[in-house]
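> this is a predicted model, with the sequence first.
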Amino acid sequence: MADEEFLNAVADVRPLKAVRRATLRRAPPPAPVAIHSQRDEAAALFESINTPLSLADALDTGEALVYLRAGLSPQVLKRLQRGYWVVQAHLDLHGLNRWQAALAVVEFLREARRRHVRCLRIVHGKGLGSPNREPVLKSKLRHWLTLREEVLAYCQAPNHEGGSGAILVLLRAT
């Protein structure tokens, strides 16, 4: 009965006129995109730009102030570079000559030890006001700090704390 009702309902229906249609050719599918590979490459690029140099890399270039006392784990230096210790005191050497700076550093380290301070920042400047625009105090500071037995490690400060114009210093716990 349902078939009969359907046929009665569509009895006066006529087919539509044929419409001219274009047949579409299918384009080849696009090459697959390796999203994970792109993310890995972007992450590697970001890390290479924003990560501090490793101890070996920094020593090879000779540009960054990096030091780790013999016998200590490289993890100590990595922690210092990543801000594991909070900077508890800082010294700015701008405007001082090498003799004044040497005395200031000695006194600063002595006072830090007396106050049981472990992490320091020393701003040595970038040498923009020096003859030949070379950072005179930067190389002097490298020498002065490696002679001090209480200095365990030092590295270039992150950009927000002075970058190549400052260093972070880790002292032996008292």
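Received, thanks. Numbers count the residues shown, from 1 in each chain.
> which parts of this structure are helices?
Along the chain, counting by DSSP state H, helices occupy 2-9, 35-50, 55-61, 74-81, 98-114, 136-147.
> dump those to CSV, plus distance to residue 16 and mean pLDDT.
In this view, the C-beta of every residue, glycine as well, is placed from N, C-alpha and C. Listed next are the helices of the chain as CSV, based on distance: least, C-beta to C-beta, whole Å; pLDDT from 0 to 100:
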stretch, distance to residue 16, mean pLDDT
helix 2-9, 18, 87
helix 35-50, 45, 70
helix 55-61, 75, 47
helix 74-81, 76, 91
helix 98-114, 92, 91
helix 136-147, 86, 86
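> dump these into CSV; add distance to residue 163 and mean neighbour count as well.
Below are the helices of the chain laid out as CSV (distance: least, C-beta to C-beta, whole Å; neighbours: other C-beta atoms under 10 Å):
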stretch, distance to residue 163, mean neighbour count
helix 2-9, 83, 8
helix 35-50, 12, 9
helix 55-61, 14, 13
helix 74-81, 12, 17
helix 98-114, 19, 15
helix 136-147, 12, 16
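> and of those helices, who's closest to residue 170?
Closest to residue 170 of those is helix 74-81 (C-beta to C-beta; 5.1 Å).
> with just CA atoms, put the closest one into PDB.
Extracted C-alpha coordinates of helix 74-81, given in PDB (Å, rounded to 0.1, in the frame of the first residue of the first chain):
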ATOM      1  CA  PRO A  74      79.100  21.200  34.700                       C
ATOM      2  CA  GLN A  75      75.600  21.200  36.200                       C
ATOM      3  CA  VAL A  76      76.700  23.900  38.600                       C
ATOM      4  CA  LEU A  77      77.500  26.200  35.600                       C
ATOM      5  CA  LYS A  78      74.200  25.300  33.900                       C
ATOM      6  CA  ARG A  79      72.300  26.200  37.000                       C
ATOM      7  CA  LEU A  80      74.100  29.500  37.300                       C
ATOM      8  CA  GLN A  81      73.300  30.300  33.700                       C
END
